[in-house]
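Visitor: My questions concern the predicted model and sequence given below.
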Amino acid sequence: MSSWQGLTIRLKQEIVELLDYESRCNLRLCSSSDRDTVDSTKIIGKELKISETTSEMAEGKTIIRLDIDTFTIWFIGRENLTRIDRGWNGEIIEGFSETRQQNRYELIGEFMERFTRKGFVWVNTIDVDSTNFSVPETWNIKCANLKLYNLQEHYLGWLRKFVTLFQKLKKLEIGCWGNEPEISELLAQIKVTKTMKVDHYLNFTDEQLDQVEAMDLKIYSFNVTAEAIKKRLQKFLKYGGKGDELDLHTPSHELVITHEQLIPNELIVKRIRMQNEEETEYNGHIIGGFENVHGVQDRRFINYIDFGQVIRIHCRIYEKPERSDCIMYPF
């Protein structure tokens, strides 16, 4: 059996490609040869998380946190003074902190350069949450899953950046409230295959809604009609997977859109009365009338509610509520 030292450089690189970031760092410390092997091998991280919080200790001071798999690095500072902390699993490693006379945003860019291979940083999932800075022009990140949350005025810039880099995602989640028309144009350029959840008002038409491939879907749209929602529900029941959910919101305008208009006639639905149910609410179980291509014939829970200006229809697999054991205490 060959030892590690006896392997060719190419075989070593193929093994290193399978390692997470922490394992690569440990291997890199073994020898100068191992360091060169690690540095020459493309890394595809499982998840890159970027977040920023405001420090309560000083005005203008923020804490930027980057998590790459189990490795964490913090850039803490304001203007041109930054303290850098490092750690594993969110715990700071004592003795590895340093202070630099440099802006924290510049330091983030330098740090990300270490992961660049052939002009790109490769990760499976990127999660950007509550950052107060726009995406740097030099960042070219390729991923399969993208999550953008609480980015205020910068979310369109982040989304534009990713649209220019690729046109296909497995999962897309956006939690940035607003009504900018451009976001609908950007989303129309991306093919999302599995999950698409957007907490932002869109201008999707019936045709655009029909073209969305993802079955795990949540959107708010100004323009979709009752007929389009009904058609989407039929598609969801036919093609949706076990854990998928359909969650659609649309303004009711002056039209009165009832649950009868949204639920296809061929479905067998059993009305369920819920505790504290609103007068404009309808709850039921879909127990038949559809054929799922994946063999997922479980009953579906469906909820319709008219909030006055907005209606919502939500459908998912019904899950029985867990029963908690009753514990009798002696008195």
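Guide: Sure thing, it's come through. Residues are numbered from 1 along each chain as shown.

Visitor: okay, CA-based contacts and neighbour counts for the rest of this
Guide: OK.

Visitor: residues contacting the closest residue to Asn140 other than its chain neighbours?
Guide: Using Cα to Cα, 6 or more residues apart in numbering and skipping residues adjacent in sequence, the residue nearest Asn140 is Phe120, 5.0 Å away. Contact criterion Cα atoms under 8 Å, 6 or more residues apart in numbering gives Trp139, Asn140, Ile141, Lys142 as the residues in contact with Phe120.

Visitor: what about 7 Å?
Guide: Asn140, Ile141, Lys142 (Cα atoms under 7 Å, 6 or more residues apart in numbering).

Visitor: quick one: the helices in this protein?
Guide: Along the chain, the segments classed as helices by DSSP state H run 9-16, 21-28, 32-39, 104-113, 155-165, 182-187, 206-211, 226-239, 259-262.

Visitor: Of those, which is nearest Asn292?
Guide: Asn292 lies closest to helix 226-239 among these, at 4.2 Å (Cα to Cα).

Visitor: Show me what that closest one is in contact with.
Guide: When contacts are defined by Cα under 7 Å, 6+ apart, helix 226-239 is touched by residues Asp206, Asp210, Met215, Gln261, Leu262, Ile263, Pro264, Phe290, Glu291, Asn292, Val293.

Visitor: quick one: low-confidence ranges for the stretch 1-150 of the chain?
Guide: Across the stretch 1-150 of the chain, the stretches falling below the confidence threshold (pLDDT under 70) are 1-2.

Visitor: so how far is Asp210 from the residue nearest to Asn140?
Guide: With distances defined as Cα to Cα, to the nearest Å, the gap from Phe120 to Asp210 amounts to 33 Å.

Visitor: swap in Ser130?
Guide: 32 Å.

Visitor: More neighbours: which of those two?
Guide: Ser130 (19 against 15; other Cα atoms under 10 Å).

Visitor: Would you check that the more buried one makes contact with Asn150?
Guide: Yes: between Ser130 and Asn150 there is a contact under Cα atoms under 7 Å: 4.7 Å.

Visitor: deepest of the helices of the chain, which one?
Guide: Mean neighbour count, computed with mean count of other Cα atoms under 10 Å, is highest for helix 226-239 among those, reaching a mean of 19.

Visitor: So for that one, mean pLDDT?
Guide: Mean per-residue pLDDT for helix 226-239: 94.

Visitor: what's near enough to touch Tyr304?
Guide: Contact analysis of Tyr304 by Cα under 7 Å, 6+ apart lists His259, Glu281, Tyr282, Asn283, Arg312, Ile313, His314.

Visitor: can you pull the pLDDT of the first one?
Guide: Looking at His259, its pLDDT stands at 77.

Visitor: can you count the residues close to Arg86?
Guide: Burial measure for Arg86: 20 neighbouring residues, criterion other Cα under 10 Å.

Visitor: I'd like to know which of the helices of the chain is closest to Pro321.
Guide: When those are ranked by distance to Pro321, counting by Cα to Cα, first place goes to helix 226-239 at 21.9 Å.

Visitor: In the stretch 201-331 of the chain, where is pLDDT below threshold?
Guide: Residue ranges of the stretch 201-331 of the chain with pLDDT under 70: 253-257, 323-331.

Visitor: Who does the spatially closest residue to Glu47 that is not a sequence neighbour form a beta bridge with?
Guide: Counting by Cα to Cα, 6+ apart, Glu47 lies nearest to Thr125, which is 4.6 Å off, once chain neighbours are set aside. Taking DSSP bridges as the rule, Thr125 bridges to Glu47, Asn145.

Visitor: wouldn't Thr125 be in contact with Ile141 here?
Guide: No: applying Cα under 7 Å as the test, Thr125 and Ile141 come out as separate, 10.0 Å apart.

Visitor: now, which of the contacts of helix 226-239 sits nearest Arg271?
Guide: When the contacts of helix 226-239 are compared against Arg271 (criterion: Cα to Cα), the nearest one is Ile263, at 12.3 Å.

Visitor: What distance do you get for the nearest residue to that closest one once chain neighbours are set aside to Thr258?
Guide: On the basis of Cα to Cα, 6+ apart, the spatially nearest residue to Ile263 that is not a chain neighbour turns out to be Lys230, at 5.9 Å. When Cα to Cα is the yardstick, Lys230 and Thr258 sit 12 Å from each other.
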